[in-house]
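Chemist: 3D model of this:
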Amino acid sequence: MDFDPDATQQAHLDALQAVIERRAVPPAYPVAEIDRALHRELVDAGLLGFPLRSPADHLLAVLVVEALSRANVVLPTVATALVAPALGLPPASMLALAEEGALDLVRFGAQAHAVVAVGDDAVRHAELVGPRADADVAYVYPYGDVAAAAAAAGWRPIEGADPAPVRRLWRLGLAAELSGAMLGAVEAVAAYLTARRQFGRPLAALQALQHRMAEAHASAEAARWSTRYAAWHADDDEAVAAAVLTASDAAHPLCMELHQLCGARGFTLDHGLYRWTLRLEALRVELGGPDEHAVAVTTARWSSAP
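Modeler: Purely as a prediction, here's the structure:
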């Protein structure tokens with residue numbers, strides 16, 4: 001199977017890229033604001049939050065999530081692109097995703113309109129009302145406590161929603177966010193090494209650095225293609241868990257390597273590498289991190305064994 005975008009998908013991605021390139025990139029440290037204007041534009045244009053009726057739709061949704069993460073956009077794209085359509089929730093709503101019992105530090109929690117909590121036996125939804133403060137974290141994404149706001153509005157179960165496929169779609173979207181951020185980080189460092197001259201030539205001309213960049217690129221590509229395979233097999237627990245495990249396990253070593261390749265410059269805010277690496281550090285521990293993803297792979301493999 002060829003997982004490169006077909007003509008329709010490429011046209012969709014080209015339109016998405018044109019919208020991304022028109023936006024101004026705001027400062028993203030220590031906490032970024034959700035780009036509400038961009039979210040509204042993408043949803044209104046049908047570029048984000050479209051129905052998922054086929055494997056091709058799932059693949060396109062993953063390509064959109066990947067592209068937005070690669071461009072360091074701050075949006076709840078996994079909820080809008082994958083979870084909301086599966087649950088019949090409106091894509092225009094800013095939706096945070098949370099695990100039942102872990103509502104105190106939720107990505108987008110302080111800025112979202114609503115939250116979906118995924119438990120062992122049910123999926124619940126609540127509007128988020130009242131003032132909420134961003135948590136004091138420095139991971140590019142805004143985090144916040146949703147427990148009090150959700151309780152004030154009242155939780156309601158989503159009828160017919162099975163937690164297992166919702167969690168699987170969350171994992172799939174997480175893998176796409178990770179792979180997109182990995183690719184963006186690698187591209188940013190490659191551009192820096194090409195522009196930065198030392199010893200009378202670009203740093204990118206040094207063979208030792210070329211080897212290290214090749215390994216970094218291979219890690220990002222492994223995450224990308226395992227995620228695209230999982231998108232086409234979005235009902236396959238093992239494929240999805242393996243994709244997010246591949247990406248989350250590689251994210252931290254990749255961050256360390258890329259910052260080292262940039263030297264002290266790579267640790268400064270004006271250099272901007274943190275836009276991807278802090279994102280990766282946040283994403284890699286979501287939904288339990290590599291350990292939980294490895295358990296999910298093993299569980300899926302042995303539960304289907306004869």
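
Chemist: just the pLDDT for the nearest residue to residue 73 once chain neighbours are set aside.
Modeler: Distance criterion C-beta to C-beta, 6 or more residues apart in numbering; nearest residue to residue 73, sequence neighbours excluded, is residue 35 at 6.2 Å. For every residue, glycine as well, the C-beta is placed using N, CA and C. Note on residue 35: pLDDT of 89.

Chemist: next one: residue 306
Modeler: 62.

Chemist: can you check residue 109 too?
Modeler: 93.

Chemist: and it, which of the three is it?
Modeler: coil (DSSP: H, G, I helix; E, B strand; the rest coil).

Chemist: what is the burial count for residue 218?
Modeler: Around residue 218 there are 12 other residues, counting by other C-beta atoms under 10 Å.

Chemist: distance check, residue 232 against residue 226.
Modeler: Separation of residue 232 from residue 226 (C-beta to C-beta, to the nearest Å): 11 Å.

Chemist: between these two, who's got more neighbours?
Modeler: residue 226 (20 against 16).

Chemist: any idea which element that one lies in?
Modeler: Per DSSP states H and E, residue 226 falls inside helix 207-232.

Chemist: average pLDDT for that helix?
Modeler: Helix 207-232 comes out at a mean pLDDT of 95.

Chemist: please name the residues that touch residue 262.
Modeler: 189, 192-193, 271, 273 (C-beta atoms under 8 Å, 6 or more residues apart in numbering).

Chemist: so residue 15 makes contact with residue 42?
Modeler: No. Taking C-beta atoms under 8 Å as the definition, residue 15 is not a contact partner of residue 42, at 9.6 Å.

Chemist: between those two, who's got more neighbours?
Modeler: residue 42 (25 against 14).

Chemist: which residues does that one contact?
Modeler: Per C-beta under 8 Å, 6+ apart, neighbours of residue 42: 16, 19, 48-49, 75.

Chemist: mind putting these into CSV with secondary structure and neighbour count?
Modeler: Output for those, formatted as CSV (DSSP: H, G, I helix; E, B strand; the rest coil; neighbours: other C-beta atoms under 10 Å):
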residue, secondary structure, neighbour count
16, helix, 19
19, helix, 16
48, coil, 25
49, coil, 25
75, coil, 21
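
Chemist: what's the burial count for residue 288?
Modeler: For residue 288, using other C-beta under 10 Å, the count is 15.

Chemist: ditto for residue 266
Modeler: Residue 266: 18 surrounding residues under other C-beta under 10 Å.

Chemist: which residue sits closest to it, ignoring its sequence neighbours?
Modeler: residue 259 (4.5 Å).

Chemist: now the one you found: which helix or strand?
Modeler: helix 237-262.

Chemist: ok now that helix, how far from the chain's centre?
Modeler: 12 Å (C-alpha atoms, centre = their mean, to the nearest Å).

Chemist: ok, and what's touching the helix or strand just after that helix?
Modeler: With elements assigned by DSSP H and E, the helix or strand that comes after helix 237-262 is helix 274-283. With contacts defined as C-beta under 8 Å, 6+ apart, helix 274-283 is touched by 28-29, 69, 72, 107, 138-141, 174, 177-178, 181-182, 184-185, 188, 248, 251-252, 254-255, 258-259.

Chemist: what lies in contact with stretch 121-135?
Modeler: Residues from elsewhere that reach stretch 121-135, judged by C-beta under 8 Å, 6+ apart: 31, 87, 89, 96, 100, 105, 109-117, 142-146, 148-158, 161-163, 166.

Chemist: the residue minimising distance to the centre of the chain and residue 68: what is the separation?
Modeler: The structure's the chain has its C-alpha centroid closest to residue 177; by C-alpha atoms, centre = their mean the separation is 2.3 Å. Going from residue 177 to residue 68 by C-beta to C-beta gives 8 Å.

Chemist: now do the shared contacts for those two.
Modeler: residue 77.

Chemist: helix or strand: which one has residue 93?
Modeler: Applying DSSP H and E, one finds residue 93 in no helix or strand.

Chemist: for it, give me the backbone phi and psi.
Modeler: Backbone torsions for residue 93, taken as degrees, to the nearest 10, come to phi -80, psi 140.
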